[in-house]
Structure formats: C-alpha cells, structure tokens
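[1] have a look at this prediction, sequence included:
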Amino acid sequence: MPVLVITGTGTEIGKTVTTAAVAAAALAAGRSVAVLKAAQTGVRPDERGDADEVARLAGGVTAAELARYPEPLAPGTAARRAGMPPVHPHEVAEAAAKLATEHDLVLVEGAGGLLVRFDDAGGTLADAAALLGAPVLLVAPAGLGTLNSTELTSRELRSRDVELAGVVIGSWPDSPDLAARCNVADLPEVAAAPLLGAIPAGAGTLPPADFRAAAPGWLAARLDGTWDAGAFRAREAR
C-alpha cells in the first residue's frame, strides 16, 4: 500500500488528526512517510496548514501541499474566487506517485468529502484515487447521521472500482451515546469494509510525544497499529 488516500464523510470530523495517527503508526513501524495535502483552503500564506499539523503531531514526515486558497470553501470555488489556478486530479496523482518513489507510504489527504470539487470540470479526490489505483481510507464521525454518509461514500467508491480500505472513527467521545455505540457495529456493515480504528476525542491536543506513543493503539494492524475492532466493540457495547 504505497499510497493511501484519506477522505471524510464531511468537514471537521477528524480527518487531519487521523492522517497524523496513520503517519505516526507507520513511522513507529519503521516506514518512511510523506503527507500530501491536495488543496488547502481557509489558510493564509503564513499560517500552518493540515500537512504541517500532521508533521507536528506525527514527527518525521515529508509534508507537501499542492495549492493553498485563502477562503474556507470547496477547492474549486476557492480557486475561482481567488483568481488562482485550480488543482486537477491528475496533478494530485502525479505528485503522490512521485513521492511514492521516495517513501514507503504516501498519505493523500483530501478537502472535505470524497466528491468535493477541485476544478470547474468537476474533478474530485475520487478521480485522483482512481488514477493512482490507490485504496481510500474513510474517516467518519461516531454519532447519529454517520451511517447514511458513510454508505453513500462507500457506494460511490464501488461505482468507480476504487477500493475502500476501511473506516476510522475520527473522534470517539469519552461518553458515547446509544447511536455511537450502535454505530461501531453498523459502520462496517454499511461501508462493506472493516472498521480500522477509533481516534479518541481531543487526541489532536496531546503533546506530540504522547500522540506518537498512543497512535498505534488507535489503529488496526492494516494501518500498522494494535487496535482490535472486536475488543473495542465488546467494550463499548456495554
């Protein structure tokens, strides 16, 4: 798995922290890692972007960013409003493929959900994943409403013959409600893909050293971790 594309069911659900956890677990397993942010929006030129945040939390990764737009909008809209060139899926794929020649693992983090548009032609992260032939990791919220958006994303990937590697819960609450506890069993069913981890709420606020030490315990073996879905489900169902 030299390239893994990371998307979410929406915005502000823990995608960047999940990317950092995957990077930290891979680094702990002795792999070299690059993180590519396809399009960063809502950040000024002098501000830290998502790739920088992954590097801060995970440690020794190569952080790269293809484009940056000032307004917090879909990349295609943000590029058009700023009068700047958009990012196209083939550019994302080419940049990721180049990084893959120099690293064991390349994590490509999208902006928002799978079908958020990069350009006026309707290019998306799904197109970039298809060009790369890379699997997609889906970050989903824990609570009510997540099943519908997760299943829609999974169906879209299947329609494009793109592999859904699995689902990670981007922010698992300290006191999960009934919906969240039930979703632990239901998410892999609606996604037709395994649950590969659960990131604790507030993980991104940990000191980097603590984050790196804990990250493998939040992720399953396919993501270089030690997390066990069955044990998690049994514990949280009580």
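    Now that the structure is in, tell me what you want to look at.

[2] only C-alpha atoms from now on, for both contacts and neighbour counts.
    Will do.

[3] need the contact list for the nearest residue to Val184 once chain neighbours are set aside.
    Spatial nearest neighbour of Val184, excluding adjacent residues (C-alpha to C-alpha, 6 or more residues apart in numbering): Arg233 at 6.1 Å. Listed by C-alpha atoms under 8 Å, 6 or more residues apart in numbering, the contact set of Arg233 reads Arg181, Val184, Ala185.

[4] next, count neighbours for the closest residue to Ala142 other than its chain neighbours.
    Spatial nearest neighbour of Ala142, excluding adjacent residues (C-alpha to C-alpha, 6+ apart): Ala180 at 5.1 Å. For Ala180, the count of nearby residues is 23 (other C-alpha atoms under 10 Å).

[5] next up, the contacts around His90.
    Ala128, Leu131.

[6] and it, which of the three is it?
    Here His90 is helix, with the state taken from DSSP: H, G, I helix; E, B strand; the rest coil.

[7] and it, how close does it get to Arg222?
    Remark: distance between His90 and Arg222 (C-alpha to C-alpha, to the nearest Å) = 27 Å.

[8] also Lys98?
    23 Å.

[9] where's Ala128, which helix or strand?
    helix 125-132 (DSSP states H and E).

[10] tell me what that helix is packed against?
    Here helix 125-132 touches strand 3-8, helix 89-100, going by 3 or more C-alpha pairs under 8 Å, 6 or more residues apart in numbering; DSSP states H and E.

[11] what lies in contact with that helix?
    Contacts for helix 125-132 (C-alpha under 8 Å, 6+ apart): 3, 5, 7, 89-90, 92-93, 97, 110, 114-118, 135-136, 157, 160-162.

[12] are any of those buried, and if so which?
    3, 5, 7, 89-90, 92-93, 97, 110, 114-118, 135-136, 157, 162 (16 or more other C-alpha atoms under 10 Å).

[13] quote the end-to-end distance of stretch 201-212.
    Counting by C-alpha to C-alpha: the opening and closing residues of stretch 201-212 are 15 Å apart.

[14] what pLDDT, on average, does it get?
    Stretch 201-212 carries an average pLDDT of 96.

[15] coming back round to it: among the contacts of Arg233, which are in helices?
    Counting by DSSP state H, those place Arg181, Val184, Ala185 in helices.

[16] so who does the residue nearest to Ala142 touch?
    By C-alpha under 8 Å, 6+ apart, the neighbours of Ala180 are Ala142, Gly143, Leu144.

[17] of those, closest to Pro208?
    Ala142 (24.0 Å; C-alpha to C-alpha).

[18] quick revisit: which one (most neighbours) among the contacts of Ala180?
    For the contacts of Ala180, neighbours tallied by other C-alpha under 10 Å; top is Ala142, 25 neighbours.

[19] am I right that it is in contact with Asn183?
    Yes: at 6.9 Å, Ala142 and Asn183 qualify as touching, with contact defined as C-alpha atoms under 8 Å.

[20] where along this structure do the helices fall?
    15-28, 50-58, 75-82, 89-100, 125-132, 146-159, 178-191, 208-214, 229-236.

[21] which of those is buried the deepest?
    helix 15-28 (a mean of 27; mean count of other C-alpha atoms under 10 Å).

[22] who are the packing partners of it?
    Counting by 3+ C-alpha pairs under 8 Å, 6+ apart, helix 15-28 packs on strand 3-8, strand 33-37, helix 50-58, strand 105-113, strand 164-172, helix 208-214.
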